[in-house]
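> got a predicted structure here, sequence first:
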Amino acid sequence: MTTQVAAGAEKIGNGRSWTQILAQYRQPSPVRSVFEIAATVLPFIALWAIAAAAVMHGQYWGLLLTIPAAGFLVRLFILQHDCGHGALFAHRGLNNWIGRTMGVFTLTPYDYWKRTHAVHHASAGNLDRRGIGDVDTKTVAEYRALTRMQKIRYRFYRNPLVLFGFGPAWLFVCQYRVPLGLMRAGAQPWVSTIATNLAIILPIAIMVWLVGLGTFLMVQVPITLIAATAGVWLFYVQHQFEDTHWSNDDDWSFQHAALHGSSHYDLPFPLQWITGNIGIHHVHHLAAKIPFYRLPEVIRDYPELKDVSRITLVQSFKCVNLTLWDEAAGRLVSFREERIARFA
């Protein structure tokens, strides 16, 4: 991956010029945006209904449909994500209310998430501004300075079973019920989380009344857990890859961090579609107001961006063991690499 990044960096030149170039892709199409919402919501509803009907009649093959349904729930989150950036529609209020509605079904308080996500975009790759909206990442020096118990906690947090198993469930089901990180940031985060919590009750009550509690749980729980894990995995790979970029505030620049601290997760077309092109993440970080359905246009028109921070599906699985930022080497390393280097 290092060779690809170096070659891409040489080609793309000044990040500031790209910000200007990509401004032409920011205009959304209202018709296309409505179509994308329908192409996401209607299949999700259909898959959920068929799965529930099958389970109610003792046909448990219907539970297999929770897998594609989870994919459409991930896509719904991407639509909500675009609303948060003001990218899905030109009207800010329309973006916000559609995003809030989607947040009820993704279990994500929209205004609270929008605020933390804005912090993430403004500080991604900045070692001095970590802590909100990111995956906790320590440098090698910071890790070595921890106490034994602190190291155990960090290693527990970075364990794949926690990051992609327990962690996603905790994040979407529990953590998003209160505005952690913004609990003293005024009323808005609290209003967002509490209003979302209350709004979630209505669709749950309706579905339990229609299909029964047992069927509801058998269908909805796997959809939620699969979608949560897939979403966390996507976010992880978009920033936690070997040749990502981290720097201190004095050396940090938004454009460079966007292009080199965010990956181009080059997925097969079906996965790229169901994940709303979010894998073209380096372009998204450089120009977040580009609607998700226009991101492939950028890669098509400017192929020199394709190999910048590019990671394939197979390569992405190697990112799981990358846990520490090695400031000397300028890359993410594993606990094993850190241990070998320390004893060497």
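Everything's here; your move. Numbers count the residues shown, from 1 in each chain.

> residue contacts, the spatially most central residue of the chain?
Of all residues in the chain, the one closest to the mean position by C-alpha atoms, centre = their mean is residue 235, 3.5 Å from it. Each residue near residue 235 by C-beta atoms under 8 Å, 6 or more residues apart in numbering is listed here: residue 135. In this view, the C-beta of every residue, glycine as well, is placed from N, C-alpha and C.

> where does it land in three-state SS?
helix (DSSP: H, G, I helix; E, B strand; the rest coil).

> just residue 288 next, same as before
Applying three-state DSSP: residue 288 is coil.

> can you count the residues close to it?
18 (other C-beta atoms under 10 Å).

> where do the strands sit along the stretch 101-250 of the chain?
138-139 (DSSP state E, counting those that start in this stretch).

> mind listing the helices for the stretch 151-300 of the chain?
160-161, 167-169, 187-211, 213-239, 254-260, 269-274, 281-286, 295-301 (DSSP state H, counting those that start in this stretch).

> of those, which is nearest residue 66?
With distances scored as C-beta to C-beta, the stretch of the helices of the stretch 151-300 of the chain nearest to residue 66 is helix 213-239 (4.3 Å).

> state the distance from the residue nearest to the centre of the chain to residue 134.
9 Å (C-beta to C-beta, to the nearest Å).

> likewise for residue 317?
21 Å.

> the more surrounded of those two?
The neighbour comparison of residue 317 against residue 134 (other C-beta under 10 Å) goes to residue 134, with 18 against 11.

> if I look at that one, how far off is residue 165?
Residue 134 is 19 Å from residue 165, by C-beta to C-beta.

> next one: residue 244
23 Å.

> go on, residue 37?
Residue 37 is 31 Å from residue 165, by C-beta to C-beta.

> do residue 310 as well
Distance of residue 310 to residue 165, computed by C-beta to C-beta: 28 Å.

> go on, residue 73?
Separation of residue 73 from residue 165 (C-beta to C-beta): 18 Å.

> between those two, which is the more surrounded one?
Comparing residue 73 with residue 165 by other C-beta under 10 Å, the one with more neighbours is residue 73, at 26 against 14.

> isn't residue 249 up against residue 128?
Yes. Using C-beta atoms under 8 Å, residue 249 is in contact with residue 128, at 4.2 Å.

> check contacts around residue 241.
Residues counted as contacts of residue 241 (C-beta under 8 Å, 6+ apart) are 1, 263, 309, 311, 316, 319, 322, 332.

> now the two most distant members of those residues.
309 and 322 (13.9 Å).

> out of the two, which sits in the more crowded spot?
residue 309 (26 against 21).

> distance of that one from residue 272?
From residue 309 to residue 272 the distance is 16 Å (C-beta to C-beta).

> same question, residue 101
In terms of C-beta to C-beta, residue 101 sits 25 Å off from residue 272.
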